[in-house]
Structures are given as structure tokens and as C-alpha cells.
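*Asks:* here is my input; please provide its structure:
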Amino acid sequence: MNKLLKYILMGFLLVFISTGIYVLQIFIFNKPQDTFFYLFQDLAFLPLQILIVTLIITKIIAVREKNALQNKMYMVIGAFFTQLGVELLKILSNSDINLDKIRELLNISAKWKEKDFISVKKNIENHNYKIKNDSIIIKKIKDILINNKSFLLSLLENQNLLEHELFSDLLWAVCHLMQELEYRKDIDNLSKNDYEHISNDIKRVYVSLISQWLLYVNHLRTDYPFVYSLILRTNPFNPNAKVEIED
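*Replies:* As a prediction, this is how the structure comes out:
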């Protein structure tokens with residue numbers, strides 16, 4: 001309320017100053033006709049000024065702010081994949097019965113363009129995910145999530161990330177899986193129904209993780225080609241990937 005009152009008072013002050021200047025101009029030059037002529041001329045251009053300021057300049061500023069925010073979000077998303085995302089992809093992909101198919105789709109190269117990422121993302125959505133019911137893999141997933149619990153919770157506190165819908169969904173899926181596994185003390189003796197429940201949670205994380213990883217890699221391709229090069233050399237879906245650059 002105080003802020004609104006401040007703006008109202010400022011508006012009255014500016015109108016008072018403007019009126020005072022026009023009165024002073026008439027008093028000094030004694031040409032009220034010219035003063036009113038230029039006043040109406042200024043008013044005639046006012047809609048154009050509003051158009052330029054509010055619709056064009058404001059739009060440009062908004063786009064720049066959105067791009068800056070997006071870059072900051074992708075920096076945090078990059079930290080997520082560096083901290084645990086890539087390792088989680090390796091573990092989850094090794095539990096995928098149809099791994100050969102997914103490897104074929106995600107064999108990303110330096111020649112890929114925007115259309116290639118769009119095409120692969122559509123194919124990924126139709127991929128037949130089948131997760132092995134393997135207690136060893138589930139234990140590995142549990143370990144990496146529990147070890148990064150503080151990091152994951154800190155990401156949930158980042159309000160900017162929550163505006164990124166896909167990554168927000170991924171975080172919720174990962175944190176939910178972490179909670180489910182944290183409550184289960186004996187992974188080796190889960191019931192059949194419990195295994196099925198955990199497998200569905202793992203599948204949800206896997207699907208969301210791949211989609212977000214593709215968006216992240218495509219962003220690096222256009223904005224940070226030097227980081228994109230490293231991603232290609234550490235592709236978790238490429239069994240022949242080597243970080244060292246060969247002759």
C-alpha cells in the first residue's frame with residue numbers, strides 16, 4: 001500500500017512540474033497558441049512512444065532477462081548432471097533391457113543439428129522401457145541418491161529451477177525415488193509388488209532424465225561448443241566414448 005501511495009504521489013508531482021513548465025513558458029514568451037500547438041503535437045506522438053517503450057523495448061528487455069535466467073538455470077542443470085545425473089544415467093541405462101536400441105538413438109555426434117535432437121526426443125518418448133528387477137542395480141541407485149541427498153534438496157529450494165517445468169518434474173521424480181528407497185532397509189528381500197512399484201519409480205526417473213539430458217546437450221551445442229565436445233566424449237550411452245582426444 002505504501003508503495004502504491006508513493007507512485008501516486010510521484011505521478012501528481014510529475015504532472016505538477018509539467019504544468020508549471022508550460023505556465024512558465026506562456027508567462028515568459030507570451031505565446032499560448034504556440035505552447036498549446038506543441039503540447040498537442042507531443043500528445044499526438046504519445047501513443048507511439050507508449051508503443052515503443054511498453055511493447056518493443058520492454059519485450060526486448062524481457063527476452064534478454066529470460067535468456068539470462070535460462071543460462072543460469074542450465075548452469076545449475078549442468079551441475080546436476082556433473083554431480084550425479086550422468087552417473088545415474090549410466091546405472092539406469094544398464095538396467096534397461098532394450099539398451100541396444102537406446103544406445104543407437106543416443107549415439108550423438110558433432111554433426112548433429114537441432115532437427116536431430118527433436119527427432120530423437122520423439123523416438124525416446126516412444127521407447128519401450130523395460131527395467132530389470134535387479135537388487136544390485138537398485139542398491140547402486142539408492143547409494144548415489146542418498147549420498148547426494150543434500151545436493152538434491154538444495155536444488156528444490158532454488159525458485160528459478162521450479163519455473164523450468166521439465167527439470168522440476170525430474171527433481172520431484174528423483175527425490176520421490178530417493179525417499180522410497182531410503183525407507184526400504186532390506187533391498188534384497190522386497191516383495192514382488194514392491195519391486196514392481198520401485199521399478200515404475202525408476203522408469204519415471206529414467207524417462208525424465210533422458211529427456212532433460214537431451215535438452216541440456218542441445219543447449220550446450222549452440223551456446224557452449226567446448227563443453228559440448230566434452231559431453232560427446234563422456235556420453236553415458238556410448239560404450240566406446242573416451243574423454244581423451246586421440247590423434
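*Asks:* and the helices in the chain?
*Replies:* Using DSSP state H, the helices of the chain run over residues 2-29, 32-50, 58-80, 86-94, 99-105, 114-125, 135-147, 149-156, 159-162, 165-183, 192-223, 225-233.
*Asks:* quick one: the fifth one to chain centroid distance?
*Replies:* Meaning helix 99-105. 26 Å (C-alpha atoms, centre = their mean, to the nearest Å).
*Asks:* give the buried residues for it.
*Replies:* Judged by neighbour count using 16 or more other C-beta atoms under 10 Å, the buried positions of helix 99-105 are 99, 102-103, 105. C-betas here are computed from N, CA, C, even on glycine.
*Asks:* just the CA atoms of it, as CSV, please.
*Replies:* Extracted in CSV, the C-alpha atoms of helix 99-105 (Å, rounded to 0.1, in the frame of the first residue of the first chain):
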residue,chain,number,x,y,z
LEU,A,99,19.6,-50.8,-24.0
ASP,A,100,20.9,-51.5,-27.5
LYS,A,101,18.0,-49.6,-29.0
ILE,A,102,18.5,-46.6,-26.7
ARG,A,103,22.3,-46.6,-27.4
GLU,A,104,21.5,-46.5,-31.1
LEU,A,105,19.2,-43.5,-30.7
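*Asks:* outside of that helix, which residues touch it?
*Replies:* 93, 96, 120, 123-124, 127-128, 210, 237-239 (C-beta atoms under 8 Å, 6 or more residues apart in numbering).
*Asks:* from the residues you listed, list just the buried residues.
*Replies:* By 16+ other C-beta under 10 Å, the contacts of helix 99-105 give 93, 96, 120, 124, 127, 210, 237 as buried.
*Asks:* ok, now which ones touch the residue nearest to H197 when sequence neighbours are not counted?
*Replies:* Nearest non-adjacent residue to H197, counting by C-beta to C-beta, 6 or more residues apart in numbering: E180, 7.6 Å away. Counting by C-beta under 8 Å, 6+ apart, E180 makes contact with 197-198, 201.
*Asks:* just the pLDDT for E180.
*Replies:* Looking at E180, its pLDDT is 94.
*Asks:* next one: E65
*Replies:* Note for E65: predicted pLDDT of 66.
*Asks:* for this protein, give me the ranges with low pLDDT.
*Replies:* Low-confidence segments of the chain, defined by pLDDT under 70: 1-3, 35, 53, 57-58, 62-63, 65-69, 162-163, 246-247.
*Asks:* please identify the residue most distant from the middle of it.
*Replies:* In the chain, the greatest distance from the average C-alpha position (C-alpha atoms, centre = their mean) is reached by N30, at 61.9 Å.
*Asks:* and the contacts of stretch 199-215?
*Replies:* Residues contacting stretch 199-215 (C-beta under 8 Å, 6+ apart): 77, 81, 85, 88-89, 92-93, 95-96, 102, 106, 117, 120-121, 124-125, 129, 131, 133, 138, 141, 166-167, 169-170, 173-174, 176-177, 180.
*Asks:* and the buried ones among the residues you listed, selectable in ChimeraX?
*Replies:* Applied in ChimeraX, the following selects the buried portion of these according to 16+ other C-beta under 10 Å:
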select :77,81,85,88,89,92,93,95,96,102,106,117,120,124,129,131,138,141,167,170,173,174,177,180
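*Asks:* turn the buried ones among the contacts of helix 99-105 into TSV, including distance to L9.
*Replies:* TSV is the format used below for those (distance: C-beta to C-beta, whole Å):
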residue	distance to L9
S93	63
D96	65
V120	58
I124	57
H127	61
I210	56
F237	62
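*Asks:* cool, thanks, talk later.
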